[in-house]
Structure formats: structure tokens, C-alpha cells
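Asker: Could you work out the structure for the sequence below:
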Amino acid sequence: MDLRKSFWNTILEMAKADKDIILLTGDLGYSFMEPFQKELPNQILNVGISEQNMVGMAAGMALVGKRPFLYSNAIFLLSRAHEFVRDDVAYNNLNVKLIGTGASGFLGFTHNIGADEHESNWLKGMPNIKQFYPKSEEELKEALLINGPVYIRL
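Answerer: Below you'll find the predicted structure:
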């Protein structure tokens, strides 16, 4: 089940009710994020293809009480930004949500997490971070409400 649209609808409603929610995207989500951009332009940042910086920015935001949600390709969010996720988010037990998409390979091999590169391998040994692979809107909503570092694959 493709939960990307559900994510965007849910995060929009959550962010309307909580101005501390900030959405950061790694230059994707365009077919879904326009309503969020239009309604809450001060709560969304497109940092481009710079996942490391996006994770570092999110850690800083979380340290001052913001609730950052990061939306990017799973492989780039977990491999390119691995050290930042581990050192900045997981070790510090920060309330940062990592939303990985495209793990199934529909965008080609460069954007794919292969069978032997499952997300759990990238997150192995990281303290505090919880992993969710929701199969329904209800499971997605539950994962988005968890306090602390969370990885959710859509």
C-alpha cells in the first residue's frame, strides 16, 4: 500500500495544530506536498539533495523544541546521512522523524535499498531509534505520534 498521500494529508493536519512541526524535504514529494507548501509555507523547507545537512538541521531544531519531520529517499536518508542520523539524532535521543520513501526500487538502482541493504541494517546498533514499516493509515498515524527518534518507511 502506497502511504505517501496519507503521510502528506496527516502531516498537514498535524502541522496546522502544532506550529513546532517543521517538514524538511530532500528535493522530493512534489506530487504530494503542494497543499502543505500553500497552507504552511513557514513550516516547510526544501534543503535539496543534502540529506546530511537536513539531518543536522533537524537535530538543531529538535534541541530548541521544534518537531522536525524529514522526507527523503530512504537510501539517501540512511546511507548518505548515516553518521548524522547516528551521532546527532539517535545518540542524543532527539524527537526527529525520518520518513524514507522509494525503498522498493521504482526509481532505479541508484535510489533503491536492495534486499541485502534493508533499512534495519543501516539502523542496526543505533540506540533509541524506533523503526516502522506501516501497512495502513492507522499504523502510519501511530508511528508519527511516537516521541523520540523514529524511522518510518513509506
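Asker: tell me the mean pLDDT over stretch 87-98?
Answerer: Mean pLDDT, computed over stretch 87-98, is 98.
Asker: Pull out the buried residues from it.
Answerer: Across stretch 87-98, burial judged by 16 or more other CB atoms under 10 Å covers D88, V89, A90, L94, N95, V96, K97, L98. The C-beta positions use only the backbone N, C-alpha and C, and glycine is treated the same way.
Asker: For I146, see how far away N53 is.
Answerer: Distance of N53 to I146, computed by CB to CB, to the nearest Å: 24 Å.
Asker: same question, N42
Answerer: According to CB to CB, N42 and I146 sit 25 Å apart.
Asker: More neighbours: which of these two?
Answerer: Higher neighbour count among N42 and I146: I146, with 13 against 7, using other CB atoms under 10 Å.
Asker: What is the three-state secondary structure of that one?
Answerer: coil (DSSP: H, G, I helix; E, B strand; the rest coil).
Asker: can you check S72 too?
Answerer: strand.
Asker: check contacts around it.
Answerer: S72 makes contacts with T25, G26, D27, L28, E51, M54, I99, G100, T101, as judged by CB atoms under 8 Å, 6 or more residues apart in numbering.
Asker: With R80 instead?
Answerer: By CB under 8 Å, 6+ apart, R80 lies in contact with E51, Q52.
Asker: Can you pull out the low-pLDDT segments for the protein?
Answerer: Scanning the chain for pLDDT under 70 picks out 29, 103-120.
Asker: the helices in it, which residues?
Answerer: 4-17, 30-39, 51-63, 74-75, 82-84, 119-123, 137-144 (DSSP state H).
Asker: Nearest to Q131, out of those helices?
Answerer: Closest approach to Q131 among the helices of the chain is made by helix 119-123 (6.0 Å; CB to CB).
Asker: hmm, back to that, so can I have a markdown table of the contacts of S72 showing distance to L12 and neighbour count?
Answerer: Output for the contacts of S72, formatted as a markdown table (distance: CB to CB, whole Å; neighbours: other CB atoms under 10 Å):
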| residue | distance to L12 | neighbour count |
| --- | --- | --- |
| T25 | 13 | 21 |
| G26 | 19 | 23 |
| D27 | 19 | 15 |
| L28 | 17 | 19 |
| E51 | 22 | 26 |
| M54 | 20 | 28 |
| I99 | 14 | 27 |
| G100 | 19 | 23 |
| T101 | 16 | 24 |
